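> Let's see this in three dimensions:
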Amino acid sequence: MKAEDFFADFTQDIHARAGAETNFTRSIFLEHMCSLLEDEGIISGYDLTEHKITSRGQAVDAWSYDDELSCLTLILRDFRDGNKLESLTNTDLGNAFKRLRNFFDAALKPKFSASLEESDPVASLAWMIQESKAEIEKINLIVVSNAQLSTRVAELPTDKAGGINTSYEVWDFGRIFRSETSGKSREDIEIDFTAVNGEGVPCLPAYTGEDSLKSYLLVMPGQILSDLYRDYGERLLEQNVRTFLQFRGKINKGIRNTIVNEPSMFFSYNNGLSATAEAVETDPENTRLLKVKNLQVVNGGQTTASIFTANKKEKADLSKVYVQIKLSVIEPELVEDVVPRISEYSNTQNRVNAADFFSNHPFHLRIEEFSRRLWAPSPEGAVQQTHWFYERARGQYANQQANMTPAEKKKFLAQNPRKQMFTKTDLAKFIVSFDEAPHEVSLGAQKAFSGTPRTKGLVGRISKVWDKHDGREFNEIWFKQAIAKAIFFKDLDRLVFRMPWYGGYKANIVTYTLAKFASMVRETGLHIDFLAVWEKQKLPDAIQNQLGDIAETVNEMLNNPPEGTTSNVSEWAKKELCWDKIRETSITLYPEVKAFLIGHEQSKEREKEGTRTQVIQDSIHAQTYVVEKGAAHWEQLREWNHANRKLSPKEMGILNTACSIPRKIPSDKQAAILVKAEERAKSEGFYVG
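A predicted model of the protein is given here:
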């Protein structure tokens, strides 16, 4: 896709999601960019402030604090309303970064936070800076803009905010374009080990022949690994690993004791890391690793973080600490296939493996298939039916348009409006809100998806059910209900912004309001008729009025935490106690809302209908798969089984039939049995290259 085409689509999307309100357009852009930074691993969760005082030349629109790295990130938005790509100049950047520094300098003074209203979202940030200023070791200032960085911008500022080490970063349109059309889950990381110690890291080649996967064994000094984590943080960890391991802020006691008390024994006691890279450069003798592109830790996240934490918080001497690393060099097109296996086989201590929910997990593939196949009814007054486009992997939506003619692209966008594109973290917010866990959603989009040691997230909710019945609960009915929940979420998001009482914390208000509504309906013994919302593709007025009433109460309660809890609204929203208080609050359910509710029996019958349909579809898909694989494939499985004897007599009988395709074809039920047998064989070592 060309940059100018992406800019037009990006601009139209922001405006479409915002409606007519100009200020909301700016907020939508800010939320989009913060979500992108979270996906990139640059921040972990965020709070919006949208604070600006022109007379004092200070501003900050969002912030994030990483307690583990003692790093405060302040974000400022530079949004241009026009439909033409503008330039982000040296002057623009200088002024933006100065406003962020001015805000931080002001927040260091007690009288500044004392002057703020408790309900002002920026108050939480000001109080945090006051309370934690002695602990903050690094400040990251980020400007996000839909303008193109001028070629005349040669370098970024180097000033220190409040005398603290400060880094500067710009996410302009060019960087957004590269990120969202690359198809990669994150920006490239280029590490030059020669710049670290002048000679690279010792390595031992562990591969044979040109066709084999290149692998190396490394012995890395603990200090270098600690410094890498300090510089790159979660970007160093393979995304699904940080999703599942949830080691943040924790130090493994065994690792800590070894580092502090027996550093010279660390190499012997610790299992080391499994890591991947996209490309490496070694010395001519192939004995030292000089450079590496996109280093990602697949197993050993806790080891990495614990070494860093021991060095940072306990001032542990890492001079005698060495870490063994198994590094596999994997070409980008093979990542989806190979990395999950490395993760699965090396993360043996984790019951839910990192590999379990990669973007090629059957759940994601099924939701993607529904989103491309099922047509949403055209809303009132429209004739065009549309899809809700599930972006299983980053860049799918943009890349699908890349080679289209203008006419094809116009048709694609009409059928797949950008405002109806959603990601896995969007889906998590929709589902978890209606599962009455708004405190989980308030932890941030990534944690709403992955869960934490104390919460399930979307992954915990789905993985628990998926394996029990082969995912049959996740069928067309489930998908339509999920889209209805998306409509609830998006319509309420716009509604809250327009409310006269609204002053901030929109994300928290929206998830708590939906959870409270779901709780109120559940207490009646009835169920929300999500399929009615799917058919209308918008919320009925009666439900909108009800949600507006609930949202006002939620706003009041979020902004007035009970004494003895916390005065920080965003932190209060993350606590289960907050949800307990709001859930227990009495709010009257409007009588007119009951027209959009259904009884328990009708709800159960819909679930059964969806499951029955999915069973039929699974059988058809299994038979299609078996036939498309062909007799030669199944002959290979038969030969493998002769040597390994893992299949039952019944499975062998079906396999013999499959070896006769197309003369004989297994029935749909037989095909389903054969597919399961093949999956089991793969787990036992069967592999076709």
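> Could you chop this structure up by domain?
Residue ranges for the domains of the chain, per automatic domain parsing: 3-181, 190-352, 423-598, 607-683.
> Go through those domains and name the closest to His387.
With respect to His387, and counting by CB to CB, the nearest of the domains of the chain is domain 423-598 at 10.0 Å. C-beta here means a position set from N, CA and C on the backbone, and glycine is covered the same way.
> okay, how far is it across the closest one, tip to tip?
With CA to CA, to the nearest Å applied, domain 423-598 spans 29 Å between its terminal residues.
> dump the residue contacts of Thr89.
Contact analysis of Thr89 by CB atoms under 8 Å, 6 or more residues apart in numbering lists Ser150, Arg152, Val153.
> at 10 Å what do you get?
Listed by CB atoms under 10 Å, 6 or more residues apart in numbering, the contact set of Thr89 reads Asn95, Ala147, Leu149, Ser150, Arg152, Val153.
> As JSON lines, those with neighbour count would be great.
Listed next are the contacts of Thr89 as JSON lines, based on neighbours: other CB atoms under 10 Å:
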{"residue": "Asn95", "neighbour count": "15"}
{"residue": "Ala147", "neighbour count": "19"}
{"residue": "Leu149", "neighbour count": "20"}
{"residue": "Ser150", "neighbour count": "16"}
{"residue": "Arg152", "neighbour count": "8"}
{"residue": "Val153", "neighbour count": "17"}
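> Tell me the one among those nearest to His15.
Ala147 (16.2 Å).
> With respect to Gly395, which of the domains of the chain lies nearest?
Proximity to Gly395 (CB to CB) singles out domain 3-181 among the domains of the chain, at 5.4 Å.
> quick one: average pLDDT of the closest one?
Averaging pLDDT along domain 3-181 gives 90.
> picking that back up, tell me the one of the contacts of Thr89 nearest Val329?
Distances from Val329 to the contacts of Thr89, taken as CB to CB, are shortest for Leu149 (32.3 Å).
> For the closest one, which residues are in contact?
87-90, 92-93, 143, 170-175.
> one more time with 6 Å, if that's ok
Contacts here follow CB atoms under 6 Å, 6 or more residues apart in numbering; on that basis Leu149 touches Leu88, Val170, Asp172.
> Quick one: which of those is the most crowded by neighbours?
Ranked by the number of neighbours (other CB atoms under 10 Å), those place Leu88 first, at 22 neighbours.
> ok, now how distant is the nearest residue to Lys464 once chain neighbours are set aside from Asn641?
Spatial nearest neighbour of Lys464, chain neighbours left out: Lys456 (7.7 Å); criterion: CB to CB, 6 or more residues apart in numbering. Distance check for Lys456 against Asn641: by CB to CB, to the nearest Å, it reads 38 Å.
> Hmm, Glu592 is touching Ile543, no?
No - with contact defined as CB atoms under 6 Å, Glu592 does not count as touching Ile543 (8.9 Å).
> Looking at the two, which has the bigger crowd around it?
For the pair Glu592 and Ile543, the greater number of neighbours falls to Ile543 (23 against 13), based on other CB under 10 Å.
> where does the stretch 301-450 of the chain have low pLDDT?
336-337, 340-341, 343-359, 381 (pLDDT under 70).
> And the helices in it, which stretches?
Secondary structure of the stretch 301-450 of the chain by DSSP state H, counting those that start in this stretch: the helices cover 301-313, 335-346, 362-373, 396-400, 406-415, 424-434, 438-441, 445-450.
> what about the spatially most central residue of the chain, distance to Pro417?
Among the residues of the chain, the one closest to the centroid is Gln446, at 4.3 Å (CA atoms, centre = their mean). The spacing between Gln446 and Pro417, counted by CB to CB, is 25 Å.
> One more: Ala206?
With the distance defined as CB to CB, Ala206 ends up 50 Å from Pro417.
> Please apply the same query to Gln385.
11 Å.
> Pick out whichever of those two has more residues nearby.
Neighbours around Gln385 and Pro417, counted as other CB under 10 Å, are more numerous at Pro417. The numbers are 19 against 14.
> Could you pull up the contacting residues of the more buried one?
Shown here is Pro417, whose contacts under the criterion CB under 6 Å, 6+ apart are Thr386.
> and the angle from the longest helix seen in the chain to helix 362-373?
Assignment by DSSP state H gives helix 600-644 as the longest helix of the chain. Comparing the axes of helix 600-644 and helix 362-373 via axes from the mean of the first three to the mean of the last three CA atoms, to 10 degrees yields an angle of 120 degrees.
> those strands in the stretch 101-250 of the chain, which residues are they?
Across the stretch 101-250 of the chain, reading from the start of the chain, the strands by DSSP state E, counting those that start in this stretch fall at 138-145, 148-149, 165-171, 190-192, 201-205, 215-221.
> Would you mind identifying the next helix or strand past the longest helix of the chain?
Heading C-terminal from helix 600-644, the first helix or strand you meet, by DSSP states H and E, is helix 649-658.
> For that next one, output the C-alpha coordinates as PDB.
Once side chains and other backbone atoms are set aside, the C-alpha atoms of helix 649-658 remain, and they are given as PDB (Å, rounded to 0.1, in the frame of the first residue of the first chain):
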ATOM      1  CA  PRO A 649      -7.000 -50.400  14.600                       C
ATOM      2  CA  LYS A 650     -10.000 -48.200  13.900                       C
ATOM      3  CA  GLU A 651      -7.800 -45.300  13.000                       C
ATOM      4  CA  MET A 652      -5.700 -47.500  10.800                       C
ATOM      5  CA  GLY A 653      -8.800 -48.700   8.900                       C
ATOM      6  CA  ILE A 654      -9.800 -45.100   8.200                       C
ATOM      7  CA  LEU A 655      -6.200 -44.300   7.200                       C
ATOM      8  CA  ASN A 656      -6.200 -47.100   4.700                       C
ATOM      9  CA  THR A 657      -9.300 -45.700   3.100                       C
ATOM     10  CA  ALA A 658      -7.600 -42.200   2.900                       C
END
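> In this structure Ala631 contacts Ile661, no?
Yes - the pair formed by Ala631 and Ile661 meets the contact definition of CB under 6 Å, at 4.5 Å.
> which one of those two has more residues nearby?
Neighbours were tallied for Ala631 and for Ile661 using other CB under 10 Å; the higher tally belongs to Ile661 (19 against 16).
> Could you pull up the residues touching that one?
Neighbour list for Ile661: Ala631 [criterion: CB under 6 Å, 6+ apart].
> For it, give its distance to Leu156.
Here the distance between Ile661 and Leu156 works out to 62 Å (CB to CB).
> partners of Phe422 in the sheet?
Per DSSP bridges, the residues bridged to Phe422 are Tyr390.
> what number of residues lie near it?
Each residue near Phe422 was counted by other CB under 10 Å, and the total is 22.
> again, but for Leu236
When neighbours are counted by other CB under 10 Å, Leu236 registers 22.
> swap in Ala393?
By the other CB under 10 Å criterion, the neighbourhood of Ala393 contains 17 residues.
> Switch the domains of the chain over to a markdown table; also include distance to Lys411.
As requested, the domains of the chain are exported to a markdown table (distance: least, CB to CB, whole Å):
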| stretch | distance to Lys411 |
| --- | --- |
| domain 3-181 | 14 |
| domain 190-352 | 29 |
| domain 423-598 | 20 |
| domain 607-683 | 27 |
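> Between the ones you listed, which one is closest to Glu380.
domain 423-598 (7.3 Å).
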